[in-house]
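Visitor: Based on what follows, work out the 3D shape:
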Amino acid sequence: MKDQKHGRKRFKRLDKGYPQFEIDEALIDIVDFEEFIQIEEGRIPFFVGSQFGIQPKIDDIPQFFNGEKQIAVLGKSLLSGHVAGLTIFQIGKDEKKFNFNEIAYYENK
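Guide: Here you go, the predicted structure:
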């Protein structure tokens, strides 16, 4: 991302629970569950959103809602393979489920 606020952040993802997608491996770290749910300044959890919902299922991840954090959701059609863009969402410190509080969107051009 060529963005002053989010461009230097890295993504982290779990090793399973995602549909097929491609991303530059230099931007993403595959981590274990404990590392995935940690709140970090320089790395944000990565998800894939499609017409079938967000994967892995964010509301089903134990202890994920453990404080204020940002997450990234790659918008992708699983039928056509088209990637629409990447959205950064804010999770509030008292949230218990995902509320789609969008703070930035980066269109795939």
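
Visitor: can you tell me the distance between the two ends of stretch 77-94?
Guide: This stretch, stretch 77-94, spans 31 Å end to end (C-alpha to C-alpha, to the nearest Å).

Visitor: pLDDT averaged over it - what is it?
Guide: Averaged over stretch 77-94, pLDDT sits at 93.

Visitor: Could you list the buried residues of that stretch?
Guide: By neighbour count on 16 or more other C-beta atoms under 10 Å, the buried set for stretch 77-94 is 83, 86, 87, 88, 89, 91. Placement of C-beta: from N, CA and C, glycine included.

Visitor: Same list, those residues, but as JSON lines with secondary structure please.
Guide: As requested, the buried residues of stretch 77-94 are exported to JSON lines (DSSP: H, G, I helix; E, B strand; the rest coil):
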{"residue": "83", "secondary structure": "strand"}
{"residue": "86", "secondary structure": "strand"}
{"residue": "87", "secondary structure": "strand"}
{"residue": "88", "secondary structure": "strand"}
{"residue": "89", "secondary structure": "strand"}
{"residue": "91", "secondary structure": "strand"}
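
Visitor: Can you name the residues bridging to residue 75?
Guide: Applying DSSP bridges to residue 75 yields these beta-bridge partners: residue 49, residue 85.

Visitor: can you count the residues close to it?
Guide: Using other C-beta atoms under 10 Å, residue 75 is surrounded by 19 other residues.

Visitor: What is the neighbour count of the nearest residue to residue 33 once chain neighbours are set aside?
Guide: Using C-beta to C-beta, 6 or more residues apart in numbering and skipping the chain neighbours, the partner closest in space to residue 33 is residue 14 (6.8 Å). Using other C-beta under 10 Å, residue 14 is surrounded by 19 other residues.
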